[in-house]
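**Q** can you look at this prediction? I've put the sequence above it.
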Amino acid sequence: MRAGRALTSTDQDSEDVFELPDSYQSATPWVRERKRPPEALVFDERAALLLERRRRDRADCQEVVDDALRTDAHRIADPVGVMQGVDCTDLGSQTPRQAALVASILNPLHSRELSLIDLWCETHGPAFALAAFVEYCHLTSLRERDLIGRLRWEVLRLLEFVRSVPDEDRDEAVAAAQRLREDEPTAVTRMLTTLLFPERPAWFWADLAAAADGKLDPCALLPSATTVDQASALAEQLLAQPGWSWHDDHAIERTFLAVAGSTALPFLVAWSETGHECPYRDSGNLRQCRIHRTCLDLISRIPTEAAMSVLIRWLGRDGVVSEYLQAAIKRFPRRALRLLAETEATEEITRLLTMVVLADPGFARTEAPRLSPEARDRIEALLGGGTPDAAPVDLPEILAAPPWRDKKRKRGKPVVVDGVEGLTPPAEVTVAWLPGEREAWLAKPGAGWVPEQGWNSILADIAEEEGRESLATYFAAYAPDDLVRAQLAAGWRPPMRQVTDRVRTFVAKHELFVLPMVLSLNRFPAMRAQLLQPFASAEIAAIMADGLVRLRTVHASATAWLRRHPDDAVRGLVPAAVGKPGKARQNAVTALRWLDADGIDVVALAQQEYGEDVATATKEVLADRGFETYPRTVPETPLWARAVLLSDIRLKDGQTALPHSAVQAVVEMLMFSKPDAPYAGLEVVAEICDASSLAEFVWSLHGLWAQSGSHESERWVVGALGIFGDQTTVAQLEQLIRDWYRDPKLDLVVAGFDALAAIGGDRALTALNGFARRSWTGMLKRKAQATFEDVAASMDLTPDRLADRLVPTSGLTAEATFQLDYGRRRFDVSFDELLRPVVRDETGTVLRTLPKPGKRDDAELAAASFKRFVTLNRQVQDGTQEQIARMERAMLERRRWTPEDFATYLVRHLVLGRLVRRLVWGVYAEDRRLLGSFRVAEDLSFADVDDARYEIPDGASIGVAHPVDLGLAVTRWSEVFSDYEILQPFDQLGRPPLALTAEELSGTCLVRPYITQKVPGGVRTAGEIRFGGVKFAGLMSRGWQPGPIGAGQVWSRLLRPVGEGRYMVVDLDPGLPAGAVVMANPQAVEAVWLSATGDEPDFARHALPLSDLDAVTASVILRDLEEGT
C-alpha cells in the first residue's frame, strides 16, 4: 500500500498495488513502534504552568477539591477517604487514583487533559501516567471511542512518551498495563493498553473477542491492528457485527489501511452499507454522501477480484458506483477484463466490457485465451464486431487521416509569400470616439470637491505608494490638466485596478498622453481592453488579437474593438498574419478570420495598404482552414470516450454513419478545442454530418462522462454540448446547470452558460437570460449576465432588446387555441385576456377546468394530452409573471422602445400582446417629455384617452407610462379602463405618485420621519425608527445594491443607480452583515441622498441637489423606501 497518484509500469503490469487517494496524504498515521535508541522526553511547558498555578492557588484548589469530595457523586467508593490527608497540589505524594481524582475536579478550571499527560509523565513516568489516565477516564465517564475522538491528542501524547522511554521505564509501563487489564478490564483499559503496546498481540485478540461479546466498540481497535491477520480479523468482525458506526478520521483510517491493505475490504463494505449515518440513503442521492464516496474510492483501489466484484455487484444500486468502477477498470484492466467477461451480460456490463476491450484490442486478444470459452467468445465478438459505415476514402482527409495521429508527419509550413516577410505595420496611433462617447466619459459626474489648501496640498498624499487610491484617482480625473500632466511627466502613475467613472474621465481628458500608461496595464487585461476601445494602432490590434485567442475575460472587448476599428485591425495584423510562425501570427490569423466572418473584406483592405502580393498571401492565409493548429501533445482520450460506446454520427445522406476511427477523431477535436475557438476541423464535421445526429452524439458523450464522475478537468464535454448541441439539448443542459450548482461544481455551471450561448437560438438564449436574472449567487448571476450581454453585443443589440426577441409563446398558435385529444373526447383550450386557460368541450360549453382522463378514454392519448395541458398552463403562468415583472421594471427604469420594436415584439406577440393591451403607454420625445399616451385596442390599433385613433409622431419612442408622467390624465385613463373592464397586470394607474417636498427640493437629503439624521457623537433621539433586515433585502431585490464591505464585514450603505452615472445612497447604522441581510440587527436610516458617482461616494464631495432627480425617479425612490415603513 502506498499514497500517491501515478502507478509505475511495473505496478500496472502486476496490478497488485493498493494506492491511497491524495486526500490521505496530509493525514499523519498513528506510529506505535519503539524508538531506537530511546529519546529524551521533552515536556510541554504548559504542564509546569498548570502545576505552578495549582501551587499558587493552593488554598483555593484545596477548598474546591474538599467541597467536591463531600458533595459530588464519584465513580469510586469513599472518595473522602481516598484523599484523606492528601495535598491536592503535591503531585509527588499522590497515587495514580488520587492524581486522577484531583484532575477530574480541577481540570475543568485550569487546563485540557493534554497538559495532564505531560505533568504525570514528568513527575512519575509513563507507568504512573497510564494508570492515572485510565482512572481519569473512569472518573469522568469517558468511553473507549473518546480515546480516538476528543481525547485522541492525549492518547497520542501518552503513546509518544511510551515509545520514547528507556527499556526499564517501558517494562514498568507494560507491567502497569498488565495489572490494569487484570484488575479492571474495562473497555477503556483494553483499548488503551492494546494500543500502547503492540508487542503484546494476545491483548489484541482478547480485545477482539471482548468486542464480539459487546464489551468493547470494535472501531476503537482500528489503530491497534499490527499485522495483516489482526486487521483482516477486525475487518471481518466489523462486517458481521451490526450496530457500529465510524465517524471518519483519515489519520486512523490511514493507520489501519497501511496494515490491512487489501484485507480492509470487509471493513469498507460494512462502513459503506451500515457503518455510518447517511442523510441521503432514503433519498437515493448517495452521490452527495462524502463517506459513501470515500468507501467507493478506497474499494476501487484495492487490487483484488473481490473488491472489483463488490463494485460490479453494486453497479445498479446508485449512479455513483459506475464512476468508481471505471476508475478501478483503469487501474486494473486485466482483472476488469476477466471479471466483466465472466459476469452475466447486462447493458451496463456490456458497455464497460466494450470499453476495456476496445481501449487496447491487442491486450484483449492476449488475455482472451486465458479465460473461459464463454468469456472468450464475448471478447472476440467485440473485437470482430462493428456496423457498416462510411469508408475512410469517402471522407475528408481531416477525418480519414487526422494529422495529429501521424507521429512522423511534419506540420505543414504556414503560408509565407516571398518578399512579404518583415512587413512593418503603420506606426501611427489614432483616436476615434463614437458619437457622444467622449462627452459621456467626461460627463461622468463625481467632481465638485476641491482641497481647501489647493490641489498642490495633496501631492504628497497621492505620491505615497500606499496612499489613498480614491484620492489619487480623484486627482487624476478632476485636478487641473496641467498639474496632472506635470505629475505624470515626473513619473507618477495613478492606481488603476478597475474601470471606474474617474478612470474613464482621466483617459478621456488626456487621451494620447495617458495611452502608454493604459497599454502598460498588463496585470489587468480586461480593464485595459475596455479603456483602449477609442484608440487604434498596430500594438493595440495585437493586444486585442491576443485577448481574442487567449483570454476569456477580454474576448467581448476584443470583438467589440475589432468590429469598431476593422480597417486599423487589418492594417495592424496583416504583417504578423503572413509573417514568421509563432504566437503573434496565430493570434493575428485568428483575428483576421473573425473579421472575415463578420463581413469585413480583409483581402481588399490588405491590398489597399500593402499591395497585391500581400493581399494574395492574406487570401491564402484565410483560405487555410487552420487544421495545423492542433496541440503538440494531444491529450489521451478517456476510456469512456471511445467511439464504439457513443451514438453513431450519421452523414447528411441519412444512410451512412462515420466509421469509428472518424468518430474518435471528432472526440479528439472536441478535446483540444477551446471554449471560444473550436478546432477548425469541427467545421468540416458540421458540413458533412446530420445536425440532429451530432446533437445526439454529444449528448451520449455527456452521458458517459457523467457516469465516469463528471470531473471538472474534463469539462470540454460541456463545450461539446455548445458546439453541436441543438434546441433539444437546451432543456437537458438547463437541468444539468442546476444539478452542477447543487453538487457544487461551479466551473461547470459557468461552462454551461457558455454552452447555452454557443448553441444560440431562442430557447438557449431564453434559458441563459433566465439564469442571468435569477442565478443563485452574485458571481454566477454576473457571469450569466456578462455572457448574455456578449451575445447581445454580437447581434448589435442591448440585453433588453435581445430579451424582447426571446419572449416565448409557450406553444400558443396565432389563434391561441389548441385541441386536446382523449380518444373518445376532445377539448379546445384557449387563453383569455388575463392568460387564464379556457376549456371547452366538443359542444362549445366552457368547463371549469380540463377533466382528468377517465376509464373510457384512450389511456395513452388522454395521459399525454393532460400532461401537455398542465405543462403548457404552467409555462404560460410562469412566463406571464416574468413578463409582468419586466413591464413593471420597464416603467420604473423608464425604458423606451422604438415604434418598430414595440409593434413587432410587444403588440403582435401572442403572450406579451395581452399584457400590452392592459397598460397605458406613453410617447416620449428625445428630451424625455411626454408627448401623448395611448392604449392598444383589441384590433391592435392605438387609441388615446378619448378613444380616438392615435398615431405615433416621427422620432418619438414608447414606454410604459408612469403615473407621474400622466399627471391629471391618470383619472381619465382609470375611467376608460373601468368602462372597458380592463384589469391591469400590475399597479400602474392606481400607483399613488410620490413627490419630494419643497424642503427636499432645495436641499441634498431626504427629510422623512423614518430617517434619523446622524449627529456628532452618535447620540440620537429616543424615538428613532429602526428597520429589520427583511426591508433591506426587499430593497436589494428591487435594484438596490450594497456598497463596499466595511469593518466587521458589514454593508453600511445601499446604492441605487438612477441614470447618468448618479446613485441614490442610503446610509445605515450599524450596518448589514454581508451575505446575511435578513439576519441584520435593526437598522437606523441615517441619510438618503443623491450622489454624483457610485465609486466610493462621499457626501462632502459628491452630494447633488435632489432637484436634479426627475419626478418619476423621485417617485420610484420614495415608493421603494416607504413600502413597509
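**A** Arrived safely, thanks for sending.
**Q** so which residue is dead centre in this protein?
**A** L746 (2.0 Å; Cα atoms, centre = their mean).
**Q** now do the helices in the stretch 601-750 of the chain.
**A** For the stretch 601-750 of the chain, the helices defined by DSSP state H, counting those that start in this stretch occupy 602-610, 612-623, 660-672, 681-688, 691-707, 716-724, 727-742, 746-759.
**Q** and those helices: which comes nearest S974?
**A** Each of these was scored for nearness to S974 using Cβ to Cβ, and the closest is helix 727-742 (41.3 Å). C-beta here means a position set from N, CA and C on the backbone, and glycine is covered the same way.
**Q** how about A556: what's its closest non-neighbour residue?
**A** Excluding its sequence neighbours, the residue lying closest to A556 (Cβ to Cβ, 6 or more residues apart in numbering) is D790, at 4.5 Å.
**Q** any idea how this protein splits into domains?
**A** Here the domain parsing of the chain from automatic domain parsing is 23-199, 332-384, 430-623, 639-804, 817-869, 894-979, 998-1122.
**Q** closest to G275 out of those?
**A** Counting by Cβ to Cβ, G275 lies closest to domain 23-199 out of those; the figure is 13.3 Å.
**Q** compute the first-to-last residue distance for that closest one.
**A** Terminal residues of domain 23-199 lie 31 Å apart, using Cα to Cα, to the nearest Å.
**Q** for this protein, which strand is longest?
**A** Taking DSSP state E as the criterion, the chain has its longest strand at strand 1062-1073.
**Q** helices or strands up against that strand?
**A** helix 1029-1037, strand 1050-1059, strand 1083-1091 (3 or more Cβ pairs under 8 Å, 6 or more residues apart in numbering; DSSP states H and E).
**Q** please identify the most buried of those.
**A** strand 1083-1091 (a mean of 21; mean count of other Cβ atoms under 10 Å).
**Q** next SSE after it?
**A** Going down the chain from strand 1083-1091, the next helix or strand is helix 1099-1102, by DSSP states H and E.
**Q** least confident secondary structure element in this protein?
**A** In the chain, no helix or strand scores lower on mean pLDDT, DSSP states H and E than strand 2-3, which sits at a mean of 40.
**Q** residues in contact with the nearest residue to G1039 once chain neighbours are set aside?
**A** Residue nearest to G1039 in three dimensions, not counting chain neighbours: R1056, with 5.7 Å by Cβ to Cβ, 6+ apart. Going by Cβ atoms under 8 Å, 6 or more residues apart in numbering, R1056 touches L1035, G1039, W1040, Q1041, Y1063, M1064, I1117, D1120.
**Q** go again using 7 Å as the cut-off
**A** Residues near R1056 by Cβ atoms under 7 Å, 6 or more residues apart in numbering: G1039, W1040, Y1063, M1064.
**Q** number of residues surrounding A68?
**A** For A68, the count of nearby residues is 17 (other Cβ atoms under 10 Å).
**Q** gap between the helix or strand containing it and the chain center?
**A** Element membership for A68 (DSSP H and E) is helix 58-71. Relative to the centre of its chain, helix 58-71 is centred 58 Å away, using Cα atoms, centre = their mean, to the nearest Å.
**Q** put the alpha carbons of that helix into PDB.
**A** Below are the C-alpha coordinates for helix 58-71, written out as PDB (Å, rounded to 0.1, in the frame of the first residue of the first chain):
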ATOM      1  CA  ARG A  58      -3.200  26.100  46.800                       C
ATOM      2  CA  ALA A  59      -5.800  27.200  49.400                       C
ATOM      3  CA  ASP A  60      -8.500  27.800  46.700                       C
ATOM      4  CA  CYS A  61      -7.700  24.500  45.000                       C
ATOM      5  CA  GLN A  62      -7.800  22.500  48.200                       C
ATOM      6  CA  GLU A  63     -11.200  24.100  49.100                       C
ATOM      7  CA  VAL A  64     -12.600  23.200  45.700                       C
ATOM      8  CA  VAL A  65     -11.400  19.600  46.000                       C
ATOM      9  CA  ASP A  66     -12.700  19.200  49.500                       C
ATOM     10  CA  ASP A  67     -16.100  20.600  48.600                       C
ATOM     11  CA  ALA A  68     -16.400  18.400  45.600                       C
ATOM     12  CA  LEU A  69     -15.400  15.300  47.500                       C
ATOM     13  CA  ARG A  70     -18.200  15.900  50.000                       C
ATOM     14  CA  THR A  71     -20.900  17.000  47.700                       C
END
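**Q** in that helix, which of the residues would be classed as buried?
**A** Judged by neighbour count (16 or more other Cβ atoms under 10 Å), helix 58-71 contains these buried residues: C61, Q62, V64, V65, A68, L69.
**Q** quick one: A943 and A615, what's the gap?
**A** Applying Cβ to Cβ, to the nearest Å, the value for A943 to A615 is 60 Å.
**Q** more neighbours: which of these two?
**A** Taking neighbours as other Cβ under 10 Å, A943 and A615 compare with A615 leading, 22 against 16.
**Q** right, and the more buried one touches L605 too?
**A** No: here A615 does not reach L605: they are 8.8 Å apart, not a contact under Cβ atoms under 7 Å.
**Q** most packed of the helices of the stretch 601-750 of the chain?
**A** The most buried one of these (mean count of other Cβ under 10 Å) is helix 716-724, showing a mean of 25.
**Q** export the domains of the chain to CSV and tack on mean pLDDT?
**A** Shown next, in CSV, are the domains of the chain (pLDDT from 0 to 100):
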stretch, mean pLDDT
domain 23-199, 83
domain 332-384, 90
domain 430-623, 86
domain 639-804, 89
domain 817-869, 90
domain 894-979, 94
domain 998-1122, 84
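**Q** how about these in CSV, adding distance to S322?
**A** Putting the domains of the chain into CSV (distance: least, Cβ to Cβ, whole Å) gives the following:
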stretch, distance to S322
domain 23-199, 21
domain 332-384, 7
domain 430-623, 32
domain 639-804, 4
domain 817-869, 31
domain 894-979, 43
domain 998-1122, 37
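**Q** so which of those comes closest to D297?
**A** Checking the domains of the chain against D297 by Cβ to Cβ gives domain 23-199 as the closest, at 8.4 Å.
**Q** burial of V791, as a residue count?
**A** V791: 20 neighbours (other Cβ under 10 Å).
**Q** helix, strand, or coil at D946?
**A** coil (DSSP: H, G, I helix; E, B strand; the rest coil).
**Q** hmm, R715 is touching V749, no?
**A** No: counting by Cβ under 7 Å, R715 stays clear of V749, with 10.4 Å between them.
**Q** packing partners of the one helix or strand A542 maps to?
**A** Using DSSP H and E, the element containing A542 is helix 538-550. Judged by 3 or more Cβ pairs under 7 Å, 6 or more residues apart in numbering; DSSP states H and E, helix 538-550 is in contact with helix 525-531, helix 552-564, helix 566-577, helix 583-597.
**Q** repeat that with 10 Å
**A** Counting contacts by 3 or more Cβ pairs under 10 Å, 6 or more residues apart in numbering; DSSP states H and E, helix 538-550 is packed against helix 515-519, helix 525-531, helix 552-564, helix 566-577, helix 583-597.
**Q** can I get these in TSV with mean neighbour count and distance to T880?
**A** Shown next, in TSV, are those (neighbours: other Cβ atoms under 10 Å; distance: least, Cβ to Cβ, whole Å):
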stretch	mean neighbour count	distance to T880
helix 515-519	17	47
helix 525-531	21	38
helix 552-564	20	32
helix 566-577	24	43
helix 583-597	20	39
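**Q** of all those, which one is nearest L268?
**A** Closest approach to L268 among the helices and strands packed on helix 538-550 (Cβ to Cβ): helix 552-564, 41.6 Å.
**Q** restricting to C-alpha, output that closest one in CSV.
**A** Provided in CSV are the C-alpha atoms of helix 552-564 (Å, rounded to 0.1, in the frame of the first residue of the first chain):
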residue,chain,number,x,y,z
ARG,A,552,-12.0,34.8,-21.9
THR,A,553,-12.3,38.0,-19.8
VAL,A,554,-11.1,40.0,-22.8
HIS,A,555,-13.0,38.3,-25.6
ALA,A,556,-16.0,40.6,-25.6
SER,A,557,-13.9,43.7,-25.5
ALA,A,558,-11.6,42.3,-28.2
THR,A,559,-14.5,41.6,-30.6
ALA,A,560,-16.1,45.0,-29.9
TRP,A,561,-12.7,46.7,-30.8
LEU,A,562,-12.4,44.6,-34.0
ARG,A,563,-15.9,45.5,-35.0
ARG,A,564,-15.2,49.2,-34.2
